[in-house]
Structures are given as C-alpha cells and as structure tokens.
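Q: I would like to see how this sequence folds:
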Amino acid sequence: MAVKKLCESYSKSFRGEVQRWGCMKQTGVSLRYMMEFGSRPTEKNLLISAQFLHKELPIRIARRAIELESLPYGLSEKPAVLEVRDWYLDSFRDLRAFPEIKDKNDELEFTQMIKMIKVRHNNVVPTMALGVQQLKKGMNAKIVYEDLDEIHQFLDRFYMSRIGIRMLIGQHVELHNPNPAPDCVGYIHTKMSPVEVARSASEDARSICLREYGSAPDISIYGDPNFTFPYVPTHLHLMVFELVKNSLRAVQERFMDSDKVALPVRIIVADGIEDVTIKVSDEGGGIPRSGLSKIFTYLYSTAKNPLDEQSDIGSAGGLTMAGYGYGLPISRLYARYFGGDLQIISMEGYGTDAYLHLSRLGDSQEPLP
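A: Next up is the predicted model:
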C-alpha cells in the first residue's frame, strides 16, 4: 500500500488523538532509577513498569509522528520519511488499542507487543538517512548543508527520543529474562569494565578495517581493567566502535602509500569522581578547522555513501552508521542520553583526539526532546 499524507490515510478522530497525546508531558527516568527499580523484577514491579510504559510510550511516539509531518524543505514528503512516519503511527495505534493493564497476563501480553514495536522500528536510522539522502539529491548544490539547522535539530531530537524509547522498551523486556547475566539489571551492567568494553569494540572496528583495507593499525589501550561502574555496555560499545573506526580509517588512509609505519591508535580510560572519560587518540592527519563544524551534522561524511548503492530501503539495515555521516552525531546523543558528552579536538597535519565523557553518578534525567 502506498504511503499517504496523514490527513488522507487516517481518520479525523485518530489524528485528534495523536495531537492530544503529543501535547502531554513526558516523564524522564535516570540510569540510577532504572537500575534500582529493575533490581527487584517482582510481578508487582513489572506491572508498575508496564503501566508506566502504556502511558509514556504513546506520548513520546505521538510527538515524533507529529514532527515527521511538518519538516522543512519538503523532507516530510520523501518516501522514506513517510514510511518511518507510518511506523510511528502504527505503534501509537497499537499502544492506544491495548486495554488497561491489570494483572500478570495483561503485562506479559503488553511485553510481547512492545517487543514487536521495537522490531518494527529497527530500520528507522538507515531509512531516515535515506530520506535525507533523497532530499539532498533534489537540492540545489549551492546550499551549504551544515547551514540546514532545522533539519539537524530535528534529527537530534528525533534520534535522542528514539534512544530513550528503545532503552525503556528494551529494559522492560530484558527484566523478564529468567537467566540474566551476572551483575546485569536489564540492559544495565552494574559492574561494567569500560576497558573491557573498549577492547571488544576496538577489536570489532579493527576487523572491519582489516576487511576493507587488508591491514589495520594497532590499538593500544591504557587503563585499569578491574575498574567498573554501572552503565549500558551496548551504548558504550557503539560509541567506542564508531570513534575507533574513524581513527583507524584516518590512520590507514594516511599511511597506506607511505614508507612510514602507522602509529597505533591509543585509547585511554580515566576514572574521575564525576565522569569516566575515554580518549581515542590517533595520528591520522587530523581534520581541517573548516571541517570541524560539520562533523556532528547529519549531512556530512568523508566516506563513500553506502546508501547510494541501496536499491531497497529494507536492505539498509545491516549498514554501519559511519559512511552516511551518522556515526559521530548519534554517538554524541548516546553519550548525552545518560548525562555525558562527546568532544572532538583535532590538529590538522597531525591527528585527532575524541573525548567521550560518561557520567559516573547516573542520576541525570533522560533528555526529553
């Protein structure tokens, strides 16, 4: 079925309901609260969690569906963006159609449904990237992409909201796991070693570099592997993977045709009172100062764009994010989601340092765009 404008394909009462829920106040939760609440996954707590999500998820999803309707430069009309909008509206409809959650059976049924919603939204990032790509192709080449602030701000809000929705659903679903890994509360590892996660992520990045170039620079990791703190390992893995992949590519391309030996990429993990900071440092030649303002935008990448080769939107799901310009901006959103940040400092002609700050305290509320 072809995707249509909201006013054409959905009833007036449904549109009114989306608008009404989109105006309601969102409720943020902190990493610490998720961890403390989830440490006792009793039947009563799971019921409370499901009841909270039954009310909270439609609010967050409705806000994004409304915004997807009113994007600048005709982005809302792009086929890929219309497809994403319909996923959000279908999920809103499923959540609103689900009756009040009163007992364990209701809660289990609800958990299955939100699991399906999470799967439905798996390809949102590459599909939205394709929508932006469709927009870029039709735009005047003279437009400076990094000046399209409205689109960048929308995508920041949109992806930050998506991280929150997937975290809340994933956390609730994982609390049903009858055999959780030791020291894990849902998605949260209460004794995560950042050095070990950095090692695993950098091995993954290095194997991609090997596959692409036939060789890869070495990686040196400095820090105490026994130091642990509570965090979400999948989030940290994604962020370090992106940073190391960028560094490996820069070093590899700088030294590929050189007689000099490529210097290793260095990862340093520092344990502070407020923050855990991970520095990824390379000597890959750096980024020109004129390019630094572009690296956190969604319309810039120095790599070949893999979406140009995708004929089918659905087939874009297996791509890595770097390559269509999403690795750094999305990594920064993951860092900010739990109160951290990502900063890039570069010396053109030498190399780049990325500083990934993770909040140790875990008590900052989710950002709610």
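Q: for this protein, name the helix or strand with the lowest mean pLDDT.
A: Least confident helix or strand of the chain, by mean pLDDT, DSSP states H and E, is helix 6-9 with a mean of 55.
Q: can you pull out the helices in the stretch 51-200 of the chain?
A: 79-97, 104-120, 124-137, 149-174, 194-213 (DSSP state H, counting those that start in this stretch).
Q: make TSV out of those and add mean neighbour count, distance to Arg360 and mean pLDDT.
A: Backbone N, C-alpha and C define where each C-beta goes, glycine included. As requested, those are arranged in TSV below (neighbours: other C-beta atoms under 10 Å; distance: least, C-beta to C-beta, whole Å; pLDDT from 0 to 100):
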stretch	mean neighbour count	distance to Arg360	mean pLDDT
helix 79-97	20	34	96
helix 104-120	15	28	97
helix 124-137	21	28	88
helix 149-174	19	18	94
helix 194-213	18	10	95
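Q: which one of these lies nearest to Arg289?
A: In terms of C-beta to C-beta, the element of the helices of the stretch 51-200 of the chain nearest to Arg289 is helix 149-174, at 19.5 Å.
Q: now do the contacts for the residue lying closest to Tyr231 once chain neighbours are set aside.
A: Residue nearest to Tyr231 in three dimensions, not counting chain neighbours: Met192, with 4.9 Å by C-beta to C-beta, 6 or more residues apart in numbering. By C-beta atoms under 8 Å, 6 or more residues apart in numbering, the contact set of Met192 is 228-231, 233, 236.
Q: who are the contact partners of Arg120?
A: 87, 90-91.
Q: which of the residues you listed sits closest to Ile287?
A: Comparing the contacts of Arg120 against Ile287 with C-beta to C-beta places Trp87 closest, at 35.0 Å.
Q: what ranges does the stretch 201-350 of the chain have for its helices?
A: 233-255, 289-292, 327-337.
Q: in TSV, list the ones you listed along with distance to Cys23.
A: Below are these laid out as TSV (distance: least, C-beta to C-beta, whole Å):
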stretch	distance to Cys23
helix 233-255	30
helix 289-292	38
helix 327-337	24
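Q: which one of these has the lowest average pLDDT?
A: Mean pLDDT is lowest for helix 289-292 among these, at a mean of 88.
Q: what packs against it?
A: Helices and strands touching helix 289-292, by 3 or more C-beta pairs under 8 Å, 6 or more residues apart in numbering; DSSP states H and E, are strand 341-347.
Q: partners of the strand it packs on in the sheet?
A: Counting by DSSP bridges, the strands paired with strand 341-347 are strand 351-359 (antiparallel).
Q: quick one: mean pLDDT for the strand it pairs with?
A: Across strand 351-359, pLDDT averages out at 97.
Q: got the angle for it vs helix 194-213?
A: Strand 351-359 and helix 194-213 are oriented at 140 degrees to each other (axes from the mean of the first three to the mean of the last three C-alpha atoms, to 10 degrees).
Q: which ones are touching the residue nearest to Arg249 when sequence neighbours are not counted?
A: Once flanking residues are discounted, Arg249 sits nearest to Cys209: 6.8 Å by C-beta to C-beta, 6+ apart. For Cys209, the contacting residues are 215-217, 245, 248-249, 252, by C-beta under 8 Å, 6+ apart.
Q: that older thread, okay, the contacts of Arg120 in CSV with distance to Tyr334 next?
A: Shown next, in CSV, are these (distance: C-beta to C-beta, whole Å):
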residue, distance to Tyr334
Trp87, 21
Asp90, 26
Ser91, 22
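Q: from these, which is closest to Val124?
A: Trp87 (7.0 Å).
Q: pretty sure the closest one contacts Asn122?
A: No - contact between Trp87 and Asn122 fails when scored by C-beta atoms under 8 Å: they sit 9.7 Å apart.
Q: dump the residue contacts of Ala216.
A: Neighbour list for Ala216: 206-207, 209-210, 248, 252 [criterion: C-beta under 8 Å, 6+ apart].
Q: and it, how far from Leu175?
A: Using C-beta to C-beta, to the nearest Å, Ala216 is found at 38 Å from Leu175.
Q: among the contacts of Cys209, name the buried ones.
A: Neighbour-count burial (16 or more other C-beta atoms under 10 Å) applied to the contacts of Cys209 gives 216-217, 245, 248-249, 252.
Q: turn those into CSV, columns for distance to Gly170.
A: Formatted as CSV, these follow (distance: C-beta to C-beta, whole Å):
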residue, distance to Gly170
Ala216, 31
Pro217, 34
Lys245, 24
Leu248, 29
Arg249, 30
Gln252, 34
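Q: what is the nearest of these to Lys137?
A: Distances from Lys137 to those, taken by C-beta to C-beta, are shortest for Arg249, at 24.9 Å.
Q: about what we covered before: the buried ones among the contacts of Cys209: which two are farthest apart?
A: For these, the farthest-apart pair by C-beta to C-beta is Pro217 and Lys245; their separation is 11.6 Å.
Q: cool, thanks, talk later.
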